[in-house]
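Asker: curious how this folds, go ahead:
(4 chains)
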Number of protein chains: 2
Amino acid sequence: MIIEFEMDFNSEEALYLQLRNQIIMGIATSQFHEGDSLPSVRQLADHIGINMHTVNKAYTVLKQEGFVKVDRRKGAVIAIDIDKMRAMEELKKELQVILAKSSCKEISKAEVHELIDEIYEDYGGLE
Amino acid sequence: MIIEFEMDFNSEEALYLQLRNQIIMGIATSQFHEGDSLPSVRQLADHIGINMHTVNKAYTVLKQEGFVKVDRRKGAVIAIDIDKMRAMEELKKELQVILAKSSCKEISKAEVHELIDEIYEDYGGLE
DNA sequence: ACATCTGTTATAGCAATAATATAACAGTTT
DNA sequence: AAACTGTTATATTATTGCTATAACAGATGT
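Answerer: A predicted model of the protein is given here:
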């Protein structure tokens, strides 16, 4: 299975974070499932034309954040560690800044809700 | 008017971004109003014990993002430029990553909505 | 007028981060 | 044995964050 990752080399966002984000969104959109193996660091690095260590850093972060476990045999395997409390706290902290910005720009609560629904449609999670 | 900013010098988050975020949240929570002047870069820098240029960078970013206009006489003045289209696009892009994370951690759509309402209570914006 | 405040600009230095390039090591698979 | 896996180590380059001085031009208060 080869997945297309789209790197923006002109972005301010670090390459390893772009990769991390796309993998997380890939899990949320069911492109990756629990137990799936991600490509090896060398394979993926060659494929998208970046350094091995940059991919490795993305995998290490994903491990740290509880999205994958890395196995010497199978490489990085999707394995979600659900620490919901921690996730809720992070979510709240991130939303506080983002919503403050939105509120200042006169985006209504209803509009935010609509946007949430729209995005959550693609994420096949719970209701 | 002196406002207390709480800097975390051990945080990974850059000081100028911490300051930017607290000012934006200050606007959202009506601690600052349109037309209010922020402290001068030197005053604020001395007050919180950081360099003048770090404060200046926060102000410059806030100007860039349309939250303040800086006047040679009055310093940095709260002046919100409402580019709603742009704000909506940014919001969507930021939410996509955050909600993907949340979805993976089994945070339901309903729980996100509750959190939004909770946060928006403090932001005296539109309904 | 003079001193003091404002933002702005320039230059420099230091530390940390991002990304790359090799290289080697220890397991696993074929 | 050869080819793959993640892991670790070292080194280099570029960029960023933060600090430190210093100076300039415009506005303000006495």
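Asker: can you show me the strands along chain A?
Answerer: Using DSSP state E, the strands of chain A run over residues A:68-71, A:75-78.
Asker: ok, which of these comes nearest A:N51?
Answerer: strand A:75-78 (16.5 Å; CB to CB). (Each C-beta comes from the backbone N, C-alpha and C, glycine too.)
Asker: hmm, the closest one in reach of DNA strand D?
Answerer: Yes - Strand A:75-78 reaches DNA strand D (CB under 7 Å from any atom of the strand) through A:75-76.
Asker: buried deepest among the strands of chain A, which one?
Answerer: strand A:75-78 (a mean of 19; mean count of other CB atoms under 10 Å in any protein chain shown).
Asker: show residues contacting it.
Answerer: A:27, A:32-41, A:59, A:62-63, A:67-71 (CB atoms under 8 Å, 6 or more residues apart in numbering or on different chains).
Asker: restrict these to those that also contact chain B, please.
Answerer: Among the contacts of strand A:75-78, the residues lying close to chain B (CB under 8 Å from any CB of the partner chain) are A:27, A:67.
Asker: which members of the contacts of strand A:75-78 are positioned in helices?
Answerer: A:27, A:41, A:59, A:62-63 (DSSP state H).
Asker: and of these, the nearest to DNA strand D?
Answerer: A:V41 (4.1 Å; CB to the nearest atom of the strand).
Asker: what's the pLDDT at that closest one?
Answerer: Model confidence at A:V41, given as pLDDT, is 94.
Asker: what residues does chain A put near DNA strand D?
Answerer: A:12, A:40-43, A:52-53, A:56, A:59-60, A:70, A:72, A:75-76.
Asker: the residues you listed, buried ones only, as a ChimeraX selection?
Answerer: Per 16 or more other CB atoms under 10 Å in any protein chain shown, the buried members of the residues of chain A next to DNA strand D correspond to this ChimeraX selection:
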select /A:41,56,59,60,70,75,76
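Asker: out of the residues of chain A next to DNA strand D, which touch DNA strand C?
Answerer: A:52-53, A:72.
Asker: on that earlier part again, which of the residues of chain A next to DNA strand D sit farthest apart?
Answerer: A:E12 and A:R72, at 34.6 Å, using CB to CB across those.
Asker: thinking again about what came up before, tell me the two of the ones in helices among the contacts of strand A:75-78 that are most distant?
Answerer: Most distant of the ones in helices among the contacts of strand A:75-78, by CB to CB, are A:I27 and A:V41, 18.3 Å apart.
Asker: got a list of what the residue nearest the centre of chain A touches?
Answerer: Centroid check for chain A by CA atoms, centre = their mean gives A:I24 as the closest residue, at 2.4 Å. Taking CB under 8 Å, 6+ apart as the criterion, A:I24 is in contact with A:62, A:67, B:97, B:100-101, B:104.
Asker: quick check on those residues: which are buried?
Answerer: Of those, these count as buried by 16+ other CB under 10 Å: A:62, A:67, B:97, B:100-101, B:104.
Asker: scan chain A for its longest helix.
Answerer: Ranking each helix of chain A by length (DSSP H) puts helix A:84-104 first.
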